[in-house]
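K.L.:
One predicted model, sequence on top.
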Amino acid sequence: MPLDPKVRKMLDLRADALPIGTVPVEVMRGEAPAQMAELFRMGLVSASVAAVEDRVIPGPAGDLPVRFYTPDGAGPFPLVVFFHGGGWVLGSLDTHNPFCRALCLGAGCVVVSVGYRLAPEHRFPAAADDAQAATRWVAENAGDIGGDPARIALAGDSAGGNLSAVTAIRIRDEGGPELRGQLLIYPAVAYPTNPTPSYTENAEGYGMTRESAIWFWN
C-alpha cells in the first residue's frame, strides 16, 4: 500500500529528531514546541477564532495555566476541556495551539486547554489531579467563559486522551459534574507490561516506538 504523502512528510520531519529518552528532558522540551507545531500545521489550516485568552485557575497544588478559545457567534457554547499529549512529560499550551484552534472552529465550542503538571518533576497522580480540578472548575464557571454547563466534553491526544478517560471515570465515580462525552485521540490507555498484539507488532517504524512509550510511562 502506498504511503500517504502527508504521512511521509511527517515521518521525514521526525527522522532528525533526537531519540526519545536518550537526552535530558529539558532538551526534548526545547525541541518539542517547534516540531509539534510543524506536525500540526501539515494537517491543519490556520484557524481563526473569535478570541484566545490565557489565564490561571486554582489547581490542587497552585495555579494552573489554561487557554480559552472562543468561536464566533453568540453563546452559551458547548465546552471542551482539552488535555495535550506528550507522554505526560512533553507538550504545552503552545504545542497544541493549532489543534485547539481547529477544534474550536470546527466544533463551534469553547475549548479550555489545560497546562497540567508534567513528569518527572511531578509524578502520578499530579497530572490526573490537575485534569480533574480543571474540569470541575470549568463546570462551576461555565457561564463566565461563555459556555453551557450542561454541555461539557473532555478531549485529548495520546497522554491527553488518557487524562480525558481517567477524568471522566473519576468524575463519574466521585459525584459529577455530568459530562456529555469524550474525544479520545489515539489515547494512551494500554500499559506496556501487558501489551496488546498490535503494541508488539507495530513496535518500530510508525513514529512512536514501543521503547519510547515505555520510557514515557516510566
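P.N.:
Received the coordinates, thanks.
K.L.:
Residue 154 contacts residue 183, correct?
P.N.:
Yes: here residue 154 reaches residue 183: they are 7.3 Å apart, a contact under Cβ atoms under 8 Å. Backbone N, C-alpha and C define where each C-beta goes, glycine included.
K.L.:
and residue 125, how many neighbours does it have?
P.N.:
Other residues lying near residue 125 total 13 when counted by other Cβ atoms under 10 Å.
K.L.:
Same question for residue 193.
P.N.:
Residue 193 has 7 neighbouring residues, counting by other Cβ under 10 Å.
K.L.:
do the same with the one 4 residues further on
P.N.:
Around residue 197 sit 7 other residues, with neighbours defined as other Cβ under 10 Å.
K.L.:
mind listing the strands for the chain?
P.N.:
For the chain, the strands defined by DSSP state E occupy 51-59, 62-70, 77-83, 110-114, 147-157, 181-185.
K.L.:
Let me know which of those strands is the nearest to residue 12.
P.N.:
strand 147-157 (20.9 Å; Cβ to Cβ).
K.L.:
how close does the residue positioned nearest the centre of the chain get to residue 112?
P.N.:
For the chain, the residue nearest the mean C-alpha position is residue 84 (1.7 Å; Cα atoms, centre = their mean). Per Cβ to Cβ, to the nearest Å, residue 84 is found 12 Å from residue 112.
K.L.:
cool, residue 165 as well?
P.N.:
18 Å.
K.L.:
Between those two, which is the more surrounded one?
P.N.:
Comparing residue 165 with residue 112 by other Cβ under 10 Å, the one with more neighbours is residue 112, at 26 against 17.
K.L.:
is that one in a bridge, and if so with what?
P.N.:
In this structure, residue 112 bridges to residue 68, residue 81 when assessed by DSSP bridges.
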